[in-house]
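**Q** Predicted model and sequence follow; I will ask about them next.
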Protein chains: 2
Amino acid sequence: MNRKPLRSSHPINEILDILGTRWTLRILWELRDGPLSFRALQSRCERVSPTVLNQRLALLREHGVVTLESPGGYRLTGRGRELGEILMALSSWAKRWAGERGSGRGAGGAD
Amino acid sequence: MNRKPLRSSHPINEILDILGTRWTLRILWELRDGPLSFRALQSRCERVSPTVLNQRLALLREHGVVTLESPGGYRLTGRGRELGEILMALSSWAKRWAGERGSGRGAGGAD
DNA sequence: CTGTATCGCTACGTTTTACGTAGCGCAAGC
DNA sequence: GCTTGCGCTACGTAAAACGTAGCGATACAG
């Protein structure tokens, strides 16, 4: 359903492209602490339609990031969990800056 | 132009939502090693239309991740650069697994 | 002052993507 | 043999992104 070349050559660009489609990051995030069934995933990502959820899951499986298992449901693979670690870093970044928008620069040291 | 609540409450979810729109991650990535003008950004992200590019840039500016400066163009702020670090981690993850799809698991902890 | 070039950005009609709801085939429990 | 839950598909509709053209501003040449 989606094996056309996306739009990149550099490995990072392909990933950026995949992760940049709607719900993909969110799905990965929801899977972070344990496997979930298709329908559980659906209700966690409140507005996702089964069509896209399935597309994302298929793509993620193609890339060996998630697997579907008979009892548990969908879960992260080894490399999927590594990606999850990165999302954890993203989460703490998000928490650090929560609420503040363009106000100040605070930390990070300008240049 | 875009200050409606997206679809989340948890800070990470808002970020996941923003980063999960098309081109956002790519824009951040292209900005990683120095400022770029609107048009330079446009040609780096080969198919992006000025409409969306502007929307993304506006949102990113609202969140204090990028700024627009008179001479240089668009550039990452302090918190933007922190986000850039996370993208670097993503890049090395991507390189580590480049090419391999669902085939083998190779390294990392299996499942 | 006119011409050219670049800048950030907007308008607008078209294509692509995602949505929402309904439902299929399947297996398990009662 | 009914209901419940599973992964997943169909299909018409709404929203997001596209592609192209062009605006007002600034800059620099002739």
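**A** Perfect, thanks for sending it.

**Q** near chain B at all, the helix or strand bottoming out on mean pLDDT in chain A?
**A** Between all helices and strands in chain A, the lowest mean by mean pLDDT, DSSP states H and E belongs to helix A:11-19, at a mean of 92. Yes - Helix A:11-19 reaches chain B (CB under 8 Å from any CB of the partner chain) through A:11-17, A:19. Yep, even glycine has a C-beta here, placed from its N, CA and C like the rest.

**Q** tell me which element the most centrally placed residue in chain A falls in.
**A** Nearest residue to the geometric centre of chain A (CA atoms, centre = their mean): A:L25, 2.2 Å. For A:L25, the host element (DSSP states H and E) is helix A:24-30.

**Q** returning to that earlier point: what's the closest of the residues of helix A:11-19 next to chain B to DNA strand C?
**A** A:D17 (10.2 Å; CB to the nearest atom of the strand).

**Q** which SS class is A:W93?
**A** Counting by DSSP: H, G, I helix; E, B strand; the rest coil, the backbone at A:W93 sits in helix.

**Q** Quick check: it touching B:G84?
**A** No - using CB atoms under 8 Å, A:W93 makes no contact with B:G84, being 10.6 Å away.

**Q** where are the low-confidence patches of chain A?
**A** Counting by pLDDT under 70, the ranges of chain A that qualify are A:1-9, A:99-111.

**Q** at 80 what do you get?
**A** A:1-10, A:47, A:99-111 (pLDDT under 80).

**Q** now A:L31: how far from DNA strand D?
**A** 12 Å (CB to the nearest atom of the strand, to the nearest Å).

**Q** residues touching that residue, list them.
**A** A:41, A:66, A:74-76, A:80, A:84 (CB atoms under 8 Å, 6 or more residues apart in numbering or on different chains).

**Q** now do 6 Å
**A** Contact analysis of A:L31 by CB atoms under 6 Å, 6 or more residues apart in numbering or on different chains lists A:L76.

**Q** so what's the backbone phi/psi at it?
**A** Backbone geometry at A:L31, expressed as degrees, to the nearest 10, gives phi -80, psi 0.

**Q** Same check on A:V66?
**A** Here is the backbone geometry of A:V66 (degrees, to the nearest 10): phi -130, psi 160.

**Q** ok, how many other residues are close to it?
**A** By other CB atoms under 10 Å in any protein chain shown, the residues close to A:V66 number 25.

**Q** Now for it: which residues touch it?
**A** Neighbour list for A:V66: A:60, A:74, A:76, A:80 [criterion: CB under 6 Å, 6+ apart].

**Q** Likewise for A:K95?
**A** When contacts are counted by CB under 6 Å, 6+ apart, A:K95 touches B:P11.

**Q** So which residues on chain A come close to DNA strand D?
**A** A:37-40, A:49-51, A:54, A:57, A:68, A:73-74 (CB under 7 Å from any atom of the strand).
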